[in-house]
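*Asks:* give the three-dimensional model of this entry:
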Amino acid sequence: MRSVNMILCLFTMLIVSSGLTGCGEGHKATADDPANAPAAAVVKVARGNIADSLEIASEFQPFQEVDVYAKVSGYIQKLNVDYGSHVKQGQVLATLEIPELQQQLQQDQASVRRSDQELTRAREDLNRAQSAYTVTHITYTRLADVQKSRPELVAQQEIDVSKGKDMEADAEVSSQKAALAGAERALLVAKAALGKDQAMFDYARMTAPFDGVITQMYARTGALLPAGTSANKGDSALCRLSQNSLLRLVIPVPERAVPNIRIGESVAVDVSGVKRTFEGKIVRFSDQIDMNTRTMHTEVDVPNPKYELVSGMYASVKIPLHSTAKVLTLPIQAVQAGEAGKGTVMVVNGSNKIESRNVALGLQSASDIEITSGLQENETVIFGAQSQFKNGELVSPKLVVPSATE
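*Replies:* Next up, the predicted model:
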């Protein structure tokens, strides 16, 4: 009886053991079955070019902009421009009426004519004085010669009188020469006064200092414009002139990017308002870091010959910093970046199982990142939600091509 019970116990244990073993093998077969493996988006490690750039938003400013003031005070007699008028350098914007300056010009012209006449009279007086001196000097010389050869023929008194007249005529010549010099100086002074007042009167024609667009009007026909040298300039300008054929963007470049800023380098300027990208050029920078913002004042010029862009529009500037060619790259979504240029990726091996691997990172663009070590070309890497998978898990890889905007 005891033998039978032992046999039954052993048989029962064998049945239980075989049942447990069968269940374990069935579960393992299910986990390793490719048909039941979860789908996973993957990308290939590929070689490509990466460019690191700095993108900063700014707004367009006129290349130069001034308020046009009157040099002399006067009433606007004729106005030739209005809002939006495109003008050329030297073009007349307005003509002022300045009656008191016109009268001053007439007085100056009269002074010049009078001084010119006085100069002519001084020349004639000098000529008469020189002629008189010539006659008296010849007379004195002859009498002196006769006295030397025939002293008995000429009295000494006659010689003395002739000598006095000669000296008097010589002094008159000197006096007339001084008078002539004074008349010449007077004429120069009169002409200078005329030139000064004429130059001031020429400012009655207010002209454009450069090619541009009238963006503000402050006065109209008949208004009195005070001289621009007055203390209160707030209401004295005629208009505001902006040079919009060439616009500038002021970019505060961060300190880290300062070594990469170079004069003459072309940059892409994206203007969302017109849905276009324009080419700009770095033309000037302050060459000094602002201690408050840790940025450097940098300016980009953007040609605007067709006036497609308007001052005040927002623009986004892309400044290239670094670039590498034919390096191993992955989309940013395929890498879990860490610190100090290190990261982690989830590689799908030849058995379609996941392997977590550490990689070294290089340059990064808006969509891709450089892999400097840890991966080989054409290896397959999980794209996107790496947290959904674990190391050693069997997956069904689905190759995707990420777009630049993902």
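*Asks:* the nearest residue to M217 once chain neighbours are set aside in helix, strand or coil?
*Replies:* Distances taken as CB to CB, 6 or more residues apart in numbering put C239 closest to M217, at 5.1 Å, once the chain neighbours are dropped. (Each C-beta comes from the backbone N, C-alpha and C, glycine too.) Look at C239: counting by DSSP: H, G, I helix; E, B strand; the rest coil, its state is strand.
*Asks:* for C239, what are its contacts?
*Replies:* 67-68, 81, 93, 214, 216-219 (CB atoms under 8 Å, 6 or more residues apart in numbering).
*Asks:* can you check A223 too?
*Replies:* 75-76.
*Asks:* and if we set it to 6 Å?
*Replies:* I76 (CB atoms under 6 Å, 6 or more residues apart in numbering).
*Asks:* ok so Q89 is a strand residue?
*Replies:* No - using three-state DSSP, the assignment for Q89 is coil, not a strand.
*Asks:* surely it and F210 touch.
*Replies:* Yes - using CB atoms under 6 Å, Q89 is in contact with F210, at 5.1 Å.
*Asks:* identify the residue nearest P62 in space, chain neighbours excluded?
*Replies:* Nearest to P62 is S242, by CB to CB, 6+ apart, at 3.9 Å.
*Asks:* so that neighbour bridges to which residues?
*Replies:* E65, V213 (DSSP bridges).
*Asks:* sorry, back to before: could you check how far the residue nearest to M217 is from L225?
*Replies:* Counting by CB to CB, to the nearest Å, the gap from C239 to L225 is 11 Å.
*Asks:* same thing with K191?
*Replies:* 29 Å.
*Asks:* please apply the same query to M296.
*Replies:* On the measure of CB to CB, M296 and L225 end up 41 Å apart.
*Asks:* tell me which of those two has more neighbours.
*Replies:* L225 (23 against 19; other CB atoms under 10 Å).
*Asks:* which pLDDT does the model give the more buried one?
*Replies:* L225 is assigned a predicted lDDT (pLDDT) of 90.
*Asks:* residue ranges for the strands of the stretch 51-200 of the chain, please.
*Replies:* For the stretch 51-200 of the chain, the strands defined by DSSP state E, counting those that start in this stretch cover 74-79, 86-87, 92-97.
*Asks:* out of those, flag the one nearest Q386.
*Replies:* Minimum separation from Q386 across the strands of the stretch 51-200 of the chain (CB to CB) falls at strand 86-87, 58.6 Å.
*Asks:* pull up the pairing partners for the closest one, direction included.
*Replies:* By DSSP bridges, strand 86-87 pairs with strand 212-217 (antiparallel).
*Asks:* pull the residues that contact the partner strand.
*Replies:* Contacts of strand 212-217 (CB under 6 Å, 6+ apart): 81, 83, 85-86, 239-244.
*Asks:* got these as a markdown table, with pLDDT and distance to D202 columns?
*Replies:* Output for the contacts of strand 212-217, formatted as a markdown table (pLDDT from 0 to 100; distance: CB to CB, whole Å):
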| residue | pLDDT | distance to D202 |
| --- | --- | --- |
| V81 | 96 | 19 |
| Y83 | 95 | 27 |
| S85 | 95 | 22 |
| H86 | 95 | 24 |
| C239 | 95 | 19 |
| R240 | 95 | 23 |
| L241 | 97 | 19 |
| S242 | 96 | 25 |
| Q243 | 96 | 24 |
| N244 | 95 | 28 |
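*Asks:* I'd like those as TSV, with distance to K281 appended.
*Replies:* Putting these into TSV (distance: CB to CB, whole Å) gives the following:
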residue	distance to K281
V81	31
Y83	30
S85	29
H86	24
C239	30
R240	26
L241	24
S242	20
Q243	17
N244	17
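*Asks:* what residues of stretch 167-184 count as buried?
*Replies:* 169-170, 172-173, 176, 179-180, 183 (16 or more other CB atoms under 10 Å).
*Asks:* next: stretch 277-288.
*Replies:* Those would be 278, 280, 282, 285, for stretch 277-288 by 16+ other CB under 10 Å.
*Asks:* what's across from the first one in the sheet?
*Replies:* For F278, the beta-bridge partners are V269 (DSSP bridges).
*Asks:* that one contacts V269, correct?
*Replies:* Yes - contact between F278 and V269 holds when scored by CB under 6 Å: they sit 4.6 Å apart.
*Asks:* now the common contact residues for the two.
*Replies:* V302.
*Asks:* now Q156: closest residue in space, sequence neighbours ignored.
*Replies:* Q147 (7.8 Å).
*Asks:* that neighbour contacts V154, doesn't it?
*Replies:* Yes - the criterion here is CB under 6 Å, and Q147 meets it with V154 at 4.6 Å.
*Asks:* report the set of residues contacting both of these two.
*Replies:* Common contacts of Q147 and V154 (CB under 6 Å, 6+ apart): none found.
*Asks:* can you map out the helices along the stretch 151-300 of the chain?
*Replies:* Using DSSP state H, counting those that start in this stretch, the helices found in the stretch 151-300 of the chain span residues 156-202.
*Asks:* below-threshold pLDDT in this structure: ranges please.
*Replies:* For the chain, the stretches with pLDDT under 70 are 1-34, 229-235, 403-406.
*Asks:* gap between the longest helix along it and the chain center?
*Replies:* For the chain, the longest helix by residue count, based on DSSP state H, is helix 99-149. Counting by CA atoms, centre = their mean, to the nearest Å, helix 99-149 is centred 63 Å from the centre of its parent chain.
*Asks:* same thing with stretch 302-311?
*Replies:* 14 Å.
*Asks:* before we move on, what about stretch 332-350?
*Replies:* For stretch 332-350, the distance to the chain centre is 42 Å (CA atoms, centre = their mean).
*Asks:* residues of that stretch that come out buried?
*Replies:* 333-335, 343, 345-348.
*Asks:* do the same with stretch 68-79
*Replies:* Those would be 68-74, 76, 79, for stretch 68-79 by 16+ other CB under 10 Å.
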